[in-house]
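**Student:** here's a sequence, model it:
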Amino acid sequence: PQGTMAFAGKYEFEGDENYDAFVQKIGLPSDKAEMGRNCKIVTEVVQNGNDFTWTQHFPGGRSTTNSFTVGSEADMETMGGKKFKATVKMEDGKLVADFPNYRHTAEISGGKLVEISTSSGVVYKRTSKKIA
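**Tutor:** Predicted structure coming up:
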């Protein structure tokens, strides 16, 4: 199917919308919120069919990795470092996951990685450009 391998690659943060409103809505502590603001996060996606390893590299060497198989429950970690279980689904070429207090979608659009997180009507959009 078209778009199966579309996610693989390395993407560097390019811009976002509604960051402050979103992190307030999900209750991210202000120190973590500050750290994440305009942060040049590099997202590395390794994809093998429905198996994904999704790593976010933060400036300063910290990284978080979520590994999951589309359609199967997996152990995940939120922006704030909370552990939870989620089943990632594929809908119209987008990866969709329900986090504890927000819904996250990721898609490749125009060669960029576009991630949208929605919490009680607040929509946070992050765009990253492909660098590898």
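**Student:** now name the helix or strand holding G80.
**Tutor:** Under DSSP states H and E, no helix or strand contains G80.
**Student:** how near is it to P29?
**Tutor:** 7 Å (C-beta to C-beta, to the nearest Å). (Glycine included, C-beta is placed from N, CA and C.)
**Student:** and what of I116?
**Tutor:** Applying C-beta to C-beta to I116 and P29 gives a distance of 23 Å.
**Student:** for N18, which non-adjacent residue is closest in space?
**Tutor:** What sits nearest to N18 in space, not counting adjacent residues and going by C-beta to C-beta, 6 or more residues apart in numbering, is Y124, at 4.8 Å.
**Student:** contacting residues around that neighbour?
**Tutor:** Residues in contact with Y124 (C-beta atoms under 8 Å, 6 or more residues apart in numbering) are 16-19, 21-23, 116-118.
**Student:** looking at I116 and P29, which has the bigger crowd around it?
**Tutor:** Shown here are I116 and P29; by other C-beta atoms under 10 Å, I116 has more neighbours (19 against 10).
**Student:** so K40 makes contact with Y11?
**Tutor:** No - K40 is not in contact with Y11 according to C-beta atoms under 8 Å; the separation is 11.1 Å.
**Student:** of those two, who's got more company?
**Tutor:** For K40 versus Y11, neighbours defined as other C-beta under 10 Å are more numerous around Y11 (25 against 11).
**Student:** where does that one land on pLDDT?
**Tutor:** On pLDDT, Y11 comes in at 97.
**Student:** picking up where we left off before, nearest to A132, of the contacts of Y124?
**Tutor:** Nearest to A132 out of the contacts of Y124 is D16 (C-beta to C-beta; 20.8 Å).
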